[in-house]
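Participant: please work out how this folds:
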Amino acid sequence: MAHVVVLGAGLGGVVMAYEMKDQLRPGDKLTVITKDPKYHFVPSNPWIPVRWRQREDIQIDLAPTFAKRGIDFKPVAAKKVHPEANKVELVDGSEVAYDFLIIATGPELAFDEIEGLGPNGNTQSICHIDHAEQAAAAFDEFCKDPKPIIIGAVQGASCFGPAYEFTFIIDTELRRRKIRDKVPMTFVTAEPYIGHLGLDGVGDTKGLLESEMREHHIKWLTSSRVKKVEPGKMFVEEVAEDGSVRATHELPFGFSMMLPPFRGIEAVRGVEGLVNPRGFILVDKHQCNPKYRNVFSVGVCVAIPPMGPTPVPCGVPKTGFMIESMVTATALNIGQILRGGESSHEATWNAVCLADFGDSGVAFVAQPQIPPRNVNWSSSGKWVHAAKIGFEKYFIRKMRRGESEPFYEKAMLDFLGIGKLKKTT
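Facilitator: Below you'll find the model as predicted:
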C-alpha cells in the first residue's frame, strides 16, 4: 500500500487532501504536514485591518476536520525535503517517509529582499492573518493622525489582486470614518500598467481599474521598483521600457501596505531538479516534477514563467480556480498510478476572481489564464462585493465540514451565470 504526503495546508493543500483521499485505494495512507494547525481563508485578509472580519471568523481548526475524513495530520514545519530518499525532514527532528509527495506549501514572503519592507520593517502586509492583525493595529493608530497612504505590490510580486482590493477597502473605510479628505492615496506597482495583474490584463481590467482609481482620487505609479523603505518614506524608481530609470520619487506616508516578492520555502530551495532558481517547484503538464516522478506540486509554489518581458519583474498569479484545477488533475493522476496506469489529466488553469472594493468590486474570468484565451471577460459593480461575502461564508462552511465539493465550480460559476469551466483535460 502507498503513503501519500501533502506538504502544506493552505487553500491548495487542504483541498488537495480532500480530493486525494477520494482517489486512494483501501489501505493507502494520507498524511498532511504543515507548520500551522489552523487554516485561515486568505482572500478575507484584506478585511482584517479595517476590522470587518476577526481571526475567528475566517479560521478553521484542521485537526478535527481532517480526522473526519480519516486523514493523518502532522502540524510540524518541514525543515528539508529529501526527494532522493523519499522523505521529509521536520524541524522537530523527526522524518516522514512517502511513496508520493504533493508539495502545496505556497510561497515564502521575501520581505528581506527590499530594505525596510514588511511587518518587521516599515510597511504592513495582508499575506498572513498575523500580518493582517498587525496592520489593523497600525491602521487604528493611523486614523488618529491621518497622513498619506501608499498601497501596492513590489518588484517580484506574483499576486496583485489583493493590493487593488485593499486599496479600495481602505478608501471605503476612510470615507465611513469621514477622514478620506485628509488622506492622499498612491498605488505603487511593478505592473507595466494598471490592471495588468501579472496576466497582461483580463477583459478590460485596465480600463475598469483605471476608472475606479480616478473615481476614488487615487494616484498611481506603474513599472515601479521600490528601492528601500524608511519610517514614513518610500524610495521608488519608475523604470522605462529600455530598463533605464525614468524618474525617482521619495513618497511620504503614514500607513503603507506593500505585497512582497515571493520565493519558494527554505525546505525546498536549492534542491537540484526539484526547483527553479527562485525555489518554485518545477512540474510538467501532469503536475509532476520532471526529475522526481513521485513528487507533484499544486498552487502558488508551482513555477510558472512570466507572461513576457516587463520593465520591472512581475510574477504570474495562481487564482483559486486555477489551483483547484491543479489539485483535481494531481489527485486523478496519482489515482491512476496507484492502479497501475499512467497520468493522463492536465489542469486547465482557468482563472475566476472576485476582487472586493469595499462597497463594489471587479470580477473576471480568463479561460485559460494565460492568453490567448477562449474566454476573456471582466465586469464591475456592487454585486461583486455581495458575491465575495457570500462565497466566503460558503467556502468556510464547506471547509469546516471537511467537504471536498469544489467551491469555485459549484458556487461562483453558477452565480456568475457563465456555465461550467472544465478543471482538467
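Participant: A helix includes Ser325, no?
Facilitator: Yes - the assignment for Ser325 (DSSP: H, G, I helix; E, B strand; the rest coil) places it in a helix.
Participant: contacting residues around it?
Facilitator: For Ser325, the contact set (Cβ atoms under 8 Å, 6 or more residues apart in numbering) comprises 347-350, 423-424. For glycine as for every other residue, the C-beta is placed from the backbone atoms N, C-alpha and C.
Participant: okay, helices next: where are they in the stretch 301-425 of the chain?
Facilitator: Applying DSSP state H, counting those that start in this stretch to the stretch 301-425 of the chain gives helices spanning 320-338, 382-401, 407, 413-416.
Participant: least confident of those, on average?
Facilitator: Among these, helix 407 carries the lowest mean pLDDT, a mean of 50.
Participant: tabulate the contacts of Ser325 in TSV, adding columns for pLDDT and distance to Glu95.
Facilitator: Output for those, formatted as TSV (pLDDT from 0 to 100; distance: Cβ to Cβ, whole Å):
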residue	pLDDT	distance to Glu95
Ala347	91	30
Thr348	85	36
Trp349	80	34
Asn350	80	38
Lys423	72	34
Thr424	78	33
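Participant: just the buried residues of the residues you listed.
Facilitator: Buried subset of these (neighbour count, 16 or more other Cβ atoms under 10 Å): 347-350, 423-424.
Participant: make CSV from the helices of the stretch 301-425 of the chain and add distance to Val298 to it.
Facilitator: Below are these laid out as CSV (distance: least, Cβ to Cβ, whole Å):
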stretch, distance to Val298
helix 320-338, 4
helix 382-401, 17
helix 407, 15
helix 413-416, 20
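Participant: pick the most buried one from those.
Facilitator: helix 320-338 (a mean of 25; mean count of other Cβ atoms under 10 Å).
Participant: and that one, how far out from the chain middle?
Facilitator: In terms of Cα atoms, centre = their mean, to the nearest Å, the centre of helix 320-338 is found 18 Å from the chain centre.
Participant: repeat that for stretch 374-385.
Facilitator: Remark: stretch 374-385 is offset 19 Å from the chain centroid, using Cα atoms, centre = their mean.
Participant: that one: end-to-end distance?
Facilitator: One end of stretch 374-385 to the other measures 26 Å (Cα to Cα, to the nearest Å).
Participant: who touches it?
Facilitator: Stretch 374-385 is contacted by residues 202-205, 208, 212, 350, 354-368, 418 when judged by Cβ under 8 Å, 6+ apart.
Participant: which of those are buried?
Facilitator: Here, 16+ other Cβ under 10 Å leaves 202-205, 208, 212, 350, 354-358, 360-368 buried among these.
Participant: per the record, what domains does the protein have?
Facilitator: Domain assignment for the chain, taken from automatic domain parsing, gives 3-109+263-344, 111-261.
Participant: state the distance from Pro192 to Gly243.
Facilitator: Using Cβ to Cβ, to the nearest Å, Pro192 is found at 12 Å from Gly243.
Participant: who touches both of those two?
Facilitator: When contacts are counted by Cβ under 8 Å, 6+ apart, Pro192 and Gly243 have Pro311 as shared neighbours.
Participant: more crowded one of these two?
Facilitator: Pro192 (18 against 9; other Cβ atoms under 10 Å).
Participant: go ahead and confirm that one touches Pro309.
Facilitator: No - using Cβ atoms under 8 Å, Pro192 is not in contact with Pro309; the gap is 9.6 Å.
Participant: pull the number of nearby residues for the closest residue to Phe280 other than its chain neighbours.
Facilitator: Of all residues not flanking Phe280 in the chain, Ala303 sits nearest, at 3.7 Å (Cβ to Cβ, 6 or more residues apart in numbering). Here the count is done by other Cβ under 10 Å, and Ala303 has 16 residues near it.
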